[in-house]
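Peer 1: based on what follows, work out the 3D shape:
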Amino acid sequence: MKDIELPRKIIVGDDAIENVCEVVSELGLIGKSLVLADQNTVAIAGDKVSSMLDSDICLLTGPMNEGISDATDAIKEKNISYVVGVGGGTVIDTTKVCAYHTKIPFISIPTAASHDGITSSQASLKGEKPTSMKVHSALGIIADTKIIGSAPHRLTAAGCADAISNYSAVLDWKLAHEEKGEYYGDYSATLSMMSAQIIMYNAEKIKDHVAILVEALISSGVAMGIAGSSRPCSGAEHQFSHALDMICPKPVLHGEQCGVGTILMTCLHGKDWEKVREALKTVKAPVNSKELNISEEYIIKALTMAHDIRDRYTILRDGLSDKEAVKLARETEVID
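Peer 2: Below is the predicted model of the structure:
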């Protein structure tokens, strides 16, 4: 048995944010609401959403665990009926966790398309060791492509890389099915793979047609909802990224790291890693350690420890030796 959970309402398009009150009414949400935003996104859209909903704002300024604690306290003290996350990945994930802990619904309003957390019922928790937490899906999603398209292109490129990383994630999932008998969902796997392929095929168009990326990331979240886990969109490339988060003095964007990880893992699978690399270059996402601004030693260390990040069977299996990691990174031109 698996638990399938999907959003009830999704709006994508220019000026979609103008429909926030209509969406709230259509979803039957009543009572007091709380808007979560950070110092950047409160000005971009948080203040506007708060005004339209006559809602209080919880400004997230510190570490993620502090934001979760502060917002959860505010929800309880003010008898909040639903929460609205307005921002990027950390804001949306904080909103997910708070809603889950307090057993109330939430609406996701992304201000950038930097990864597939827009839709997924998983939250990434930042700490000494990055972890993934099963939460509830957003009841509604409002993706204003005018706002998202105005975000720094680096965030958009990272979102493209995260969508492309579905390619190696699905290969890992199928491998686990074939070698370990793990459940494999054809429909969710196909949906996830299609999201990756659409971004690779339309790589040159993304800059001027951000809706393509938004819809691909939403589809990725739906794929995870159908699968009942993050399997369709998270494999060894994500383990590699989480390892970098743990060991690097200055890790970079999640999607950027996953993109480079996808090049590496696609090569291990014996598939066309050069096609993946070319698509990442086209959207202007990093393809090697220099472009990540992460030294080669951390790339190698992350490759050798990635298989231990979580209990998930992938192409890394029992791990790579230093020699194997160096060979792989050089073959794919991730290091010199």
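
Peer 1: next SSE downstream of the longest helix along the chain?
Peer 2: Determined from DSSP state H, the single longest helix within the chain is helix 210-227. Note on helix 210-227: by DSSP states H and E, the next helix or strand toward the C-terminus is helix 236-247.

Peer 1: so what strands line up beside the lowest-mean-pLDDT helix or strand in the chain?
Peer 2: For the chain, the helix or strand with the lowest mean confidence is strand 131-134, at a mean of 80 (criterion: mean pLDDT, DSSP states H and E). Strand pairing for strand 131-134, using DSSP bridges, gives strand 122-125 (antiparallel).

Peer 1: which parts of the strand it pairs with are buried?
Peer 2: Neighbour-count burial for strand 122-125, counted by 16 or more other Cβ atoms under 10 Å, picks out 122-124. Every C-beta, even on glycine, is put in place using the N, C-alpha and C of the backbone.

Peer 1: just the CA atoms of that strand, as CSV, please.
Peer 2: The C-alpha trace of strand 122-125 is given here as CSV (Å, rounded to 0.1, in the frame of the first residue of the first chain):
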residue,chain,number,x,y,z
GLN,A,122,9.0,16.1,1.1
ALA,A,123,10.9,18.8,3.1
SER,A,124,14.7,19.1,3.1
LEU,A,125,15.9,19.9,6.6
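
Peer 1: residue 171: which of the buried residues of strand 122-125 is nearest?
Peer 2: Ranked by distance to residue 171 (Cβ to Cβ), the buried residues of strand 122-125 are led by residue 122 at 19.7 Å.

Peer 1: test my guess that that closest one contacts residue 137.
Peer 2: No - counting by Cβ atoms under 8 Å, residue 122 does not reach residue 137; the two are 9.5 Å apart.

Peer 1: what residues are shared contacts of these two?
Peer 2: Residues touching both residue 122 and residue 137 by Cβ atoms under 8 Å, 6 or more residues apart in numbering: none at all.

Peer 1: in the chain, which spans are strands?
Peer 2: 9-13, 33-38, 56-60, 82-87, 106-110, 122-125, 131-134, 140-144 (DSSP state E).

Peer 1: I'd like the ones you listed as TSV, with distance to residue 185 appended.
Peer 2: Converted to TSV, the strands of the chain look like this (distance: least, Cβ to Cβ, whole Å):
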stretch	distance to residue 185
strand 9-13	21
strand 33-38	32
strand 56-60	34
strand 82-87	27
strand 106-110	23
strand 122-125	16
strand 131-134	17
strand 140-144	22
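
Peer 1: can you tell me which of those is most buried?
Peer 2: Comparing those by mean neighbour count (mean count of other Cβ atoms under 10 Å), strand 106-110 ranks first with a mean of 29.

Peer 1: contact partners of that strand?
Peer 2: Identification of contacts with strand 106-110 by Cβ under 8 Å, 6+ apart yields 7, 17, 20, 23-24, 27, 29, 45, 49, 82-88, 92, 95-96, 98-99, 118-119, 136, 138-144, 148, 214.

Peer 1: give the pairing partners of it; include direction for each.
Peer 2: According to DSSP bridges, strand 106-110 has the following sheet partners: strand 82-87 (parallel), strand 140-144 (parallel).

Peer 1: tell me where the model's unsure across this protein.
Peer 2: 127-130 (pLDDT under 70).

Peer 1: could you list the domains of it?
Peer 2: What the record gives for the chain is the domain set 9-149, 153-331, from automatic domain parsing.

Peer 1: mind listing what's buried in the longest helix of the chain?
Peer 2: Neighbour-count burial for helix 210-227, counted by 16+ other Cβ under 10 Å, picks out 210-227.

Peer 1: quick one, it and strand 140-144 angle?
Peer 2: Here helix 210-227 runs at an angle of 160 degrees relative to strand 140-144 (axes from the mean of the first three to the mean of the last three Cα atoms, to 10 degrees).

Peer 1: helix 210-227 packs against which elements?
Peer 2: Counting contacts by 3 or more Cβ pairs under 8 Å, 6 or more residues apart in numbering; DSSP states H and E, helix 210-227 packs against strand 9-13, strand 140-144, helix 145-149, helix 153-164, helix 186-201.

Peer 1: among the strands of the chain, which is nearest residue 191?
Peer 2: Between residue 191 and the strands of the chain, the tightest spacing by Cβ to Cβ is seen for strand 9-13, at 14.6 Å.

Peer 1: contact partners of that closest one?
Peer 2: For strand 9-13, the external contacting residues (Cβ under 8 Å, 6+ apart) are 19, 23, 26-27, 119, 139-145, 211, 214-215, 218.

Peer 1: can you list the strands that that strand pairs with?
Peer 2: strand 140-144 (parallel).

Peer 1: how far is the strand it pairs with from where the chain is centred?
Peer 2: Using Cα atoms, centre = their mean, to the nearest Å, the mean C-alpha position of strand 140-144 is found 15 Å from that of the whole chain.
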